[in-house]
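# Here is the input, now give the coordinates:
(chains A, B, C and D)
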Number of protein chains: 2
Amino acid sequence: MSNLDSLSTVFEPELIQEMATSGTLQYFKEGDLIMDYGKYIRMMPIVLKGTVKVYKLDDNGNEILLYYLSDNESCSMAYSCCLEARKSEVKAIAEDDVELLAIPHNKLDEWLCKFPSWKNYVMRSFNERFIELLKSIESIAFHKLDERLIAYLKEKQRLSGSSVIKASHSTIADELATSRVVISRLLKQLENEKKIILYRNEIKLMNGL
Amino acid sequence: MSNLDSLSTVFEPELIQEMATSGTLQYFKEGDLIMDYGKYIRMMPIVLKGTVKVYKLDDNGNEILLYYLSDNESCSMAYSCCLEARKSEVKAIAEDDVELLAIPHNKLDEWLCKFPSWKNYVMRSFNERFIELLKSIESIAFHKLDERLIAYLKEKQRLSGSSVIKASHSTIADELATSRVVISRLLKQLENEKKIILYRNEIKLMNGL
DNA sequence: CTTAAACTGTAACTTATGTAACACAACTCA
DNA sequence: TGAGTTGTGTTACATAAGTTACAGTTTAAG
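Residues are numbered from 1 along each chain as shown, chains lettered A, B, ... in the order given. Predicted structure coming up:
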């Protein structure tokens, strides 16, 4: 399982060995639904390649993007759901082609005491997710949409490594929980300020952004 | 340490014994600052009596209320901060008189493998905090201020057990991260709808709310 | 090629929220 | 008692964001 090489910086060899035998590699294509609201979670996923988008739904059917998971990251909400066999509060979608390692729930507990690196990893994951959620709250509560939009574009740039963002205005609107018209308006404004250039399904970020 | 009685429903006797010897009881008065931004966290607190308000600060000095901690609850962010000796991202204030048990950071790890009830408690705490944060996000992202205000009042009612909320308009405004005028306006509206009655520093919730 | 669907631009309008200013009442404390 | 502080009510206005509507363009599908 050479795919697990990237984990060797995080975990000790014996744990990686165990992961290889008890974990399952799963592959998803861009846009695939990895996890949905209300489903029971029996595995904890570790993202090996690609990027996963994690969403939250509210009672009225509104969705908002919570955060992204990428290399060697993992969703701690999955973890705690697993342990208590609870249903998922979130939805996960493959942003691009994704490879992930699914750890069966019974191992989570076992490894916690057996492998210090696992315990540290789990705790660090919890913390990272907390910080991401706090960032979300900060962003939504204190920043206006134009700032949030810029932050969103930059984050996309960081994750994809490209200055050309491939997305329609309406998908962006969905992820920021607003309407298409508003996004179009703000994007046009950014274009007028020479910070971006708009194409169909593509946004090119300029240096000034 | 009879104060720890309430924990007996959660933890096994041996663990409570250990808590009694290695933990420290701390007392705070209404309004006291329990934890501040940027401070190092060396203890993990378990709330025995009273209610603790947990806030988040952003770069521009804005604050927002994240959630409340009450009986037997604990702040998982403190936990993960402890383990990595990181600085606090949040501020905690005593909503009323508070008694809490502070667990030294070196025990957290030790107990994790030693006491299953401790591990379960920690995991459940993580999960509860996640859910609270998700609720915050949902509230801020999808609900208008009037709905959030009503939810806020009801939460206060639930925590205090009283239909009379003691708070000034400006403290409410602070906790919902808005301005006093806006809160006064909305409260007056609720009063006109006969859902509440306003007094100085007091709001009486009616049944219709 | 034709038709439908998806994407984008833009205008006109509504509403929620933020802000500034001021009056007055109620407390508090010297 | 009187001065200062804090809390509340209210007006008037500015702005961000949501909504509806529609036109034009590009892409996809048959």
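# Around chain B, pick out the residues from chain A.
A:56, A:58, A:60, A:62, A:64, A:66, A:76-77, A:79-81, A:83-84, A:86, A:89-90, A:109, A:112-113, A:119-120, A:123-124, A:126-127, A:129-131, A:133-134, A:136-138, A:140-142, A:177 (Cβ under 8 Å from any Cβ of the partner chain). (C-beta placed from N, C-alpha, C; glycine too.)
# Pull the contacting residues for the residue lying closest to residue A:128 once chain neighbours are set aside.
Nearest residue to residue A:128, sequence neighbours excluded (Cβ to Cβ, 6 or more residues apart in numbering or on different chains): residue A:73, at 7.1 Å. When contacts are counted by Cβ atoms under 8 Å, 6 or more residues apart in numbering or on different chains, residue A:73 touches A:46, A:47, A:125, A:128.
# Which of the residues of chain A next to chain B are buried? Put it as a ChimeraX command.
One line in ChimeraX is enough to select the buried ones among the residues of chain A next to chain B; burial here means 16 or more other Cβ atoms under 10 Å in any protein chain shown:
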select /A:56,58,64,66,76,77,79,80,81,83,89,90,112,119,123,124,126,127,129,130,133,134,136,137,138,140,141,142,177
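# hmm, back to that, looking at the contacts of residue A:73, spot the one nearest DNA strand C.
Closest to DNA strand C out of the contacts of residue A:73 is residue A:47 (25.7 Å), distances taken as Cβ to the nearest atom of the strand.
# Tell me, how many residues neighbour the closest one?
22 (other Cβ atoms under 10 Å in any protein chain shown).
# can you list contacts of the strand or helix carrying it?
In this structure, residue A:47 is located in strand A:43-49 according to DSSP states H and E. Contacts to strand A:43-49, defined as Cβ under 8 Å, 6+ apart, come from residues A:3-4, A:6-7, A:24-26, A:34-35, A:52, A:69-75, A:78-79, A:82, A:92, A:97-105, A:108.
# which parts of it are buried?
A:43, A:44, A:45, A:46, A:47, A:48.
# How about stretch A:149-159?
Within stretch A:149-159, the residues that count as buried by 16+ other Cβ under 10 Å are A:149, A:150, A:152, A:153, A:156, A:157.
# Leaving out sequence neighbours, find the closest residue to the second one.
Which is residue A:150. residue A:209 is the one closest to residue A:150 (Cβ to Cβ, 6+ apart), at 6.5 Å.
# ditto for the third one
Spatial nearest neighbour of residue A:152, excluding adjacent residues (Cβ to Cβ, 6+ apart): residue A:176 at 6.2 Å.
# helices or strands next to the host helix or strand of residue A:128 in the packing?
Assigned by DSSP H and E, residue A:128 falls within helix A:116-142. Contact partners of helix A:116-142 among helices and strands, from 3 or more Cβ pairs under 8 Å, 6 or more residues apart in numbering or on different chains; DSSP states H and E: strand A:63-69, helix A:76-84, helix A:105-114, helix A:145-160, strand B:52-57, strand B:63-69, helix B:76-84, helix B:116-142.
# so how far is the second one from its chain's centroid?
For helix A:76-84, the distance between its averaged C-alpha position and the chain's averaged C-alpha position is 16 Å (Cα atoms, centre = their mean, to the nearest Å).
# Note down every partner strand of the helix or strand following that helix and its orientation.
Counting by DSSP H and E, the element after helix A:76-84 in chain order, helix or strand, is strand A:90-94. Using DSSP bridges, strand A:90-94 pairs in its sheet with strand A:33-35 (antiparallel), strand A:52-57 (antiparallel).
# Cross-check the contact I'm expecting between residue A:190 and residue A:150.
Yes - contact criterion Cβ atoms under 8 Å: residue A:190 and residue A:150 qualify, at 7.4 Å.
# what is in contact with the two at once?
Residues touching both residue A:190 and residue A:150 (Cβ under 8 Å, 6+ apart): residue A:209.
# related to what we said a few turns ago, quickly name whichever of the buried residues of strand A:43-49 is closest to DNA strand D.
residue A:47 (28.1 Å).
# Which residues does that closest one form beta bridges with?
Bridge pairing for residue A:47 - DSSP bridges - gives residue A:100.
# Cheers, nothing more for now.
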